[in-house]
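# Test case, fold it:
(2 chains)
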Amino acid sequence: MNAPRPRVAALALAVGVVLADSSIVVLALPEIYRDFDTSIAGVTWVLISFNLVMALAAVPAALLARRVGPGRAAAVGLAVFAGAGLACGIADQLSTLILARCVQALGGAAAITAALELLPASVGSERRATAIWASAGATGAALGPAVGGILTELVSWQSIFLIQVPVALAAAVPILAVAKHEAATGILQAELRRTGRPHIAANIALAMVSAAIAAALFLLVLLLIEGWRLTPIGAAIVVTVMPLAAILGGRLGPLVPSAKARAAAGAILVSGGLGGLALLPKAEVALTLPPQVLIGIGLALVLSALTETALSGRAPQAIHGGWTISARHAGVVIGLLALTPVFTADIAEQRTDAINAGTAVILDSKVNPLIKLDLAQKIESRLEGETGKVPTIGPAFEPLPSDPEDRAAVEELRDELQEQLNRGATHAFSPSFGLAALIGLLALIPIGLARRVDL
Amino acid sequence: MNSGLRSQVLVGTAIVLSLALVGIYLAAGGSSYTPKESQDPCEHRAWTDPESLGEIANQFSISALDGAACQLGVTREALARALATPEARERFADRYGIDEEELARAVRAGLLRAIDDAEEAGALSPFIAGPLRGTIEEIPLDRAIELINNADSLLGNVQSFLGPAGDLLEEFLP
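Numbers count the residues shown, from 1 in each chain, chains lettered A, B, ... in the order given. Okay, the predicted model is just below:
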């Protein structure tokens, strides 16, 4: 018997919101970094902490959900998620924010693993339940950065967390009926059964692909905001290409029954897109769009195929869902931990090269020496004020000289200098994107080894 | 189309699209970025044919920077940024362990090299160059830096710079 639509929608919403939370904060990281006056490595822990706790807590949360009842686990999980979201929104220290993110992950883990236990009874079929669960998760993860960027720009980074509070509580309302039924009757969804072995190859592939996708989102956002100086809302608009492409990828999936083929094609597309980002010929937003299309289509294909494979023929679904959640988030953590040091070392080196190249451009220009001196002083002040990131030098060129010849020479110099800095910043991200592409390609090995067992 | 063929088409299309994207970006110069390199400041840099006092002053400043940077063993770009503000000069001194006296000697050496280059290029008369060299050897660091950053003031006002002897030498300016 199918449950009312509001419950199915609430469960899908819960899964989408929790899994969006693993990436929603990406576009807010530069603002958080400035507000708390911390390092890139420090602010990355706002992202890593959530994913790490999710990876560690997913399977225990699933076991708990089956013991106490998935309705109660989902309702309590969403309440904890909402409460911790409020704490994130009002945190006045980085350590408080990171701690609250950990608690959010605990609540979220309970909610989404319990959802996988509730969905089959709600929609009447395990296969359909898995498809809804996987799609909701993939959509949430893909939309997260764009929503986060828009909220950060229009309101504040705190609003990203505060808005989750009413959304999570609203999702909990229809689930309360199940929780009350469990409490009243003592009947749980299914009897406790011996849990089968997780699908190792599919989960390893999920971890590797998730590492690559996390790199695509995190590094691309940093490139757009810190490298090319886009606003968060500008970057959010740019990265909406990925979820839109993911919707297209989701429509392609049902046309090809073979999960292995979809997973392989998806991993290849994700790697190809990352390869494109590693080889950007110029610092232009338009050139990031084709790679994003490939990554978006790829992530929809590979995540749904691998999730389907990992859950197929295995029971109870909540436990194995917990393993896939664990694998995906462990992949995100490993990807970020592996790539952040590579990226931060590269940006420091490229900053030095870009500054030297820029100075050479100024020295060799035909601009009046007195104007050069004035520019050099202003640029030097800006460089010292913007350590640890690619500097903006546009304001150093204001006001432009009134003499038309000098003005033209200074504008040409400004454009050439900014081009040097932008190309340097773009190049700084290349090794990290390339490494992520390689990780995505290596996922083809466990994909090739994965065998699907029909339900 | 049977499912096996659909699988092959999907994977094949993924490979083609990925390779095409990577290939196009490579062909467009995706891996070819190298930053504009610093030239060796100890290498002689030939003056281009200057047409105005501004251009002479430009090349004079660059020659002076090259000369000073060569003496200190740093790039002229690093030295140019250091001479922009007093605070930058302090950071430069801390970073490279160069005290004021050493910097002053290097900046004077740079100015002397610039005078040599200007004379060789025909932009400065030997009758001016000689007395200028003598004056440069004794000027304080701040004044020397000012001359690099604003060579116009030196070359356009040689008479006042040299003092009373300047009037006599005016007729020997090119």
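# residue in the stretch 251-400 of chain A nearest to chain B?
Proximity of the stretch 251-400 of chain A to chain B (CB to the nearest CB) peaks at A:Gly272, 2.3 Å away. In short, each C-beta sits where N, CA and C put it, glycine included.
# show me the contacts for that residue.
Shown in contact with A:Gly272 (CB atoms under 8 Å, 6 or more residues apart in numbering or on different chains): A:Pro291, A:Leu294, A:Gly298, A:Ala437, B:Ala14, B:Leu17, B:Ser18, B:Leu19, B:Leu21, B:Val22.
# What sits closest to the residue of chain B at minimum distance from chain A if chain neighbours are left out?
Residue nearest to chain A within chain B: B:Ser18 (2.3 Å; CB to the nearest CB). Nearest non-adjacent residue to B:Ser18, counting by CB to CB, 6 or more residues apart in numbering or on different chains: A:Gly272, 2.3 Å away.
# how many other residues sit next to residue 7?
By default, I'm working from chain A. 23 (other CB atoms under 10 Å in any protein chain shown).
# The chain in question should be chain B.
Per other CB under 10 Å, the neighbour tally for B:Ser7 reads 19.
# related to what we said a few turns ago, so the residue of chain B closest to chain A is in which element?
helix B:3-27 (DSSP states H and E).
# now B:Val22, nearest residue through space, not along the chain?
Nearest non-adjacent residue to B:Val22 (CB to CB, 6+ apart): A:Gly275, at 4.5 Å.
# State whether A:Pro446 and A:Val209 are indeed in contact, as I suppose.
No: judged on CB atoms under 8 Å, A:Pro446 makes no contact with A:Val209 at a distance of 9.6 Å.
# If you count surrounding residues, which of those two has more?
Neighbour tally, A:Pro446 and A:Val209, criterion other CB under 10 Å: the higher count belongs to A:Val209, 32 against 22.
# From A:Thr113, how far out is the more buried one?
Counting by CB to CB, to the nearest Å, the gap from A:Val209 to A:Thr113 is 20 Å.
# can you check B:Gly23 too?
Counting by CB to CB, the gap from B:Gly23 to A:Thr113 is 43 Å.
# Distance check, the residue of chain B positioned farthest from its centre against A:Ala261.
In chain B, B:Asn2 marks the outermost C-alpha relative to the chain mean, sitting 67.8 Å out by CA atoms, centre = their mean. Distance, B:Asn2 to A:Ala261, by CB to CB: 12 Å.
# for the stretch 51-200 of chain A, what spans make up the strands?
With DSSP state E, counting those that start in this stretch, there are no strands along the stretch 51-200 of chain A.
# Please enumerate the helices of it.
Ranges of helices within the stretch 51-200 of chain A are A:70-89, A:94-123, A:126-154, A:157-162, A:164-185, A:200-222, based on DSSP state H, counting those that start in this stretch.
# in the last one, what's buried?
This points to helix A:200-222. A:201-222 (16 or more other CB atoms under 10 Å in any protein chain shown).
# so where's chain B uncertain?
B:33-36, B:49-51, B:53-54, B:149-174 (pLDDT under 70).
# quick one: the helices in it?
Secondary structure of chain B (DSSP state H): helices at B:3-27, B:53-72, B:76-82, B:86-96, B:100-120, B:126-136, B:141-149, B:151-155, B:158-162, B:165-169.
# I'd like the ones you listed as TSV, with distance to A:Leu280 appended.
Output for the helices of chain B, formatted as TSV (distance: least, CB to CB, whole Å):
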stretch	distance to A:Leu280
helix B:3-27	7
helix B:53-72	33
helix B:76-82	26
helix B:86-96	32
helix B:100-120	40
helix B:126-136	49
helix B:141-149	37
helix B:151-155	40
helix B:158-162	51
helix B:165-169	57
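# Of the ones you listed, flag the one that's most buried.
helix B:76-82 (a mean of 25; mean count of other CB atoms under 10 Å in any protein chain shown).
# ok, the closest residue to chain B within the stretch 101-250 of chain A - how many residues close by?
The nearest approach of the stretch 101-250 of chain A to chain B comes at A:Gly249, 10.7 Å away (CB to the nearest CB). By the other CB under 10 Å criterion, the neighbourhood of A:Gly249 contains 27 residues.
# out of everything not next to it in sequence, what's closest to it?
That would be A:Ala300: by CB to CB, 6+ apart, it lies 3.0 Å from A:Gly249.
# Also A:Trp45?
Using CB to CB, 6+ apart and skipping the chain neighbours, the partner closest in space to A:Trp45 is A:Ile98 (5.4 Å).
# re earlier: per-residue pLDDT of the residue nearest to B:Val22, please?
Per-residue pLDDT puts A:Gly275 at 96.
# and it, what helix or strand is that in?
helix A:259-278.
# so that helix versus helix A:200-222, what angle?
Relative orientation of helix A:259-278 versus helix A:200-222 (axes from the mean of the first three to the mean of the last three CA atoms, to 10 degrees): 30 degrees.
# Beyond helix A:259-278, next helix or strand please.
Note on helix A:259-278: by DSSP H and E, the next helix or strand toward the C-terminus is helix A:289-311.
# Is the helix or strand just after that following helix in proximity to chain B?
Counting by DSSP H and E, the element after helix A:289-311 in chain order, helix or strand, is helix A:317-364. Yes: using CB under 8 Å from any CB of the partner chain, helix A:317-364 reaches chain B at A:Gln350, A:Asp353, A:Ala354, A:Ile355, A:Asn356, A:Ala357, A:Thr359, A:Ala360, A:Val361, A:Ile362, A:Leu363, A:Asp364.
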